[in-house]
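> Output the structure for:
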Amino acid sequence: MKIVFMGTPDFAACSLQKLIDEGFDVSGVFCQPDKPRDRGHKLVPCAVKQTALAAGLPVYQPEKLRDGTALQPLRGLAPELIVVVAYGRILPEDILALPKYGCVNVHGSLLPKYRGSAPIQRAVLSGDAVTGVTTMYLSASMDEGDTIYSEETAIGETETSGQLFDRLAPMGAELLVRTVRAIEAGTAPRMPQDHSRATYAPPLSREESPVDWTQPARMVLKHIYGMQPWPCATADLGGTNFKLFAAAYTYRPTSKAPGTVLAAGKAGIEVACGGGESILITELQAAGGKRMSAGAYLLGHPMEV
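Numbers count the residues shown, from 1 in each chain. Coordinates of the predicted model:
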């Protein structure tokens with residue numbers, strides 16, 4: 001079965017590599033155009049492009065999908081199945097209708113929960129105990145297609161979104177292989193989603209970075225871990241703005257107003273949260289400084305309490 005793969009970031013590259021390793025006939029790869037990075041604005045290929053070129057696969061990087069320019073090379077590749085993983089674009093109907101076995105997707109949530117572009121981060125930010133990956137048939141609407149398989153996993157209490165990405169990527173790749181083999185065998189299930197249970201996961205923005213100290217301690221902690229690796233949680237503590245990277249529960253009640261610095265020492269910076277709780281900030285980065293333990297920072301920058 002001839003497969004065309006569409007994807008862009010590391011999460012997608014893991015699935016592409018798995019298809020290659022398992023010997024599937026990947027005839028071509030589509031990904032987003034190279035983008036400039038860092039101060040030199042040098043064009044850098046995405047992870048999927050790097051994986052494809054290393055395997056000797058042809059790479060296509062159309063600027064748009066809806067103007068028909070992508071359809072011609074796709075027809076030339078004659079895919080029987082199109083696999084889409086974090087491509088970053090919605091496929092138009094002329095592409096969806098092209099392959100004999102349709103188009104399938106690997107999504108980083110247990111659909112219909114967290115449709116959209118940031119399902120992994122939103123699961124952490126929401127304080128969910130469980131998430132997972134789902135394979136589904138693509139439809140004209142975003143993440144609304146019939147599901148095929150899903151697999152769940154627990155979210156660690158202090159697991160960052162980045163760490164969860166790294167765990168879900170190989171899970172998604174394994175589930176994709178299972179899915180493609182089932183499609184080849186004609187045994188793949190097709191289960192309509194319950195749209196009434198759908199939730200959405202819009203992309204993160206820097207505007208969401210500041211910590212809301214009126215939230216309970218657990219939600220503040222989940223904000224700190226969910227906002228990593230980007231854009232990172234931020235807070236003004238003792239008159240200095242920080243990025244926050246690690247925190248722990250204190251299990252100590254407080255009557256102080258949310259956002260009040262309660263203690264600052266070797267263990268870290270204790271801050272009051274909503275509901276009479278507090279958390280201990282243990283790793284941070286001051287503007288223009290290096291990431292370090294809060295205790296190490298306080299050795300050179302005492303904080304008044």
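
> What residues sit buried inside the host helix or strand of L298?
In this assignment (DSSP states H and E), L298 forms part of helix 294-300. Residues of helix 294-300 classed as buried: 294, 297-298 (neighbour count, 16 or more other C-beta atoms under 10 Å). Placement of C-beta: from N, CA and C, glycine included.

> after the host helix or strand of V4, next one along is what?
For V4, the enclosing helix or strand under DSSP H and E is strand 2-7. Going down the chain from strand 2-7, the next helix or strand is helix 10-21, by DSSP H and E.

> Would you mind pulling the contact partners of that following helix?
The contact list for helix 10-21, computed with C-beta atoms under 8 Å, 6 or more residues apart in numbering, reads 3, 5, 7, 26, 29, 31, 46-48, 50-52, 55, 57, 83, 85-87, 106, 108, 165, 168-170, 172-174, 176-177, 180.

> Can you classify A264 as helix, strand or coil?
strand (DSSP: H, G, I helix; E, B strand; the rest coil).

> my guess is it contacts E270, does it?
Yes: between A264 and E270 a contact is recorded at 7.4 Å, counting by C-beta atoms under 8 Å.

> which SS state does the spatially most central residue of the chain fall under?
Nearest to the mean C-alpha position of the chain, by C-alpha atoms, centre = their mean, lies I120 at 4.4 Å. Secondary structure assignment for I120 (three-state DSSP): helix.

> What is the lowest-mean-pLDDT helix or strand in the chain packed up against?
Within the chain, no helix or strand scores below strand 35-37, which has a mean of 81 by mean pLDDT, DSSP states H and E. In this structure, strand 35-37 packs against strand 42-44, with contacts taken as 3 or more C-beta pairs under 8 Å, 6 or more residues apart in numbering; DSSP states H and E.

> Check which residues of the strand it packs on are buried.
Using 16+ other C-beta under 10 Å as the test for burial, strand 42-44 gives no buried residues.

> Direction-wise, compare the helix or strand following that strand with helix 10-21 and give the angle.
Per DSSP H and E, the first helix or strand lying C-terminal to strand 42-44 is helix 47-54. Relative orientation of helix 47-54 versus helix 10-21 (axes from the mean of the first three to the mean of the last three C-alpha atoms, to 10 degrees): 30 degrees.

> May I see the buried residues of helix 47-54?
Neighbour count says helix 47-54 has 47-49, 51-52 buried, by 16+ other C-beta under 10 Å.

> and L110, how many neighbours does it have?
L110: 20 surrounding residues under other C-beta atoms under 10 Å.

> Cross-check the contact I'm expecting between it and T153.
No: in this structure, L110 is not within contact of T153 by C-beta under 8 Å, at 9.7 Å.

> Which neighbours do these two have in common?
The contact sets of L110 and T153 overlap at 130-132 (C-beta under 8 Å, 6+ apart).

> Now, the residues you listed that are in strands?
If you go by DSSP state E, the shared contacts of L110 and T153 have 130-132 in strands.

> Buried ones only from those residues, please, as a PyMOL command.
Applying 16+ other C-beta under 10 Å to those, the buried members can be selected in PyMOL as follows:
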select buried, resi 131+132
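
> can I get the ones in strands among the shared contacts of L110 and T153 in JSON lines with distance to V220?
Below are these laid out as JSON lines (distance: C-beta to C-beta, whole Å):
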{"residue": "V130", "distance to V220": "21"}
{"residue": "T131", "distance to V220": "20"}
{"residue": "G132", "distance to V220": "25"}
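
> quick one: which of the ones in strands among the shared contacts of L110 and T153 is nearest to Q72?
Nearest to Q72 among those is G132, at 37.0 Å by C-beta to C-beta.

> Skipping its backbone neighbours, what lies nearest that closest one in space?
Spatial nearest neighbour of G132, excluding adjacent residues (C-beta to C-beta, 6 or more residues apart in numbering): E152 at 3.6 Å.

> From what I see, that neighbour and A129 are in contact.
No: counting by C-beta under 8 Å, E152 sits too far from A129 to count as a contact (10.1 Å).

> All set, thanks.
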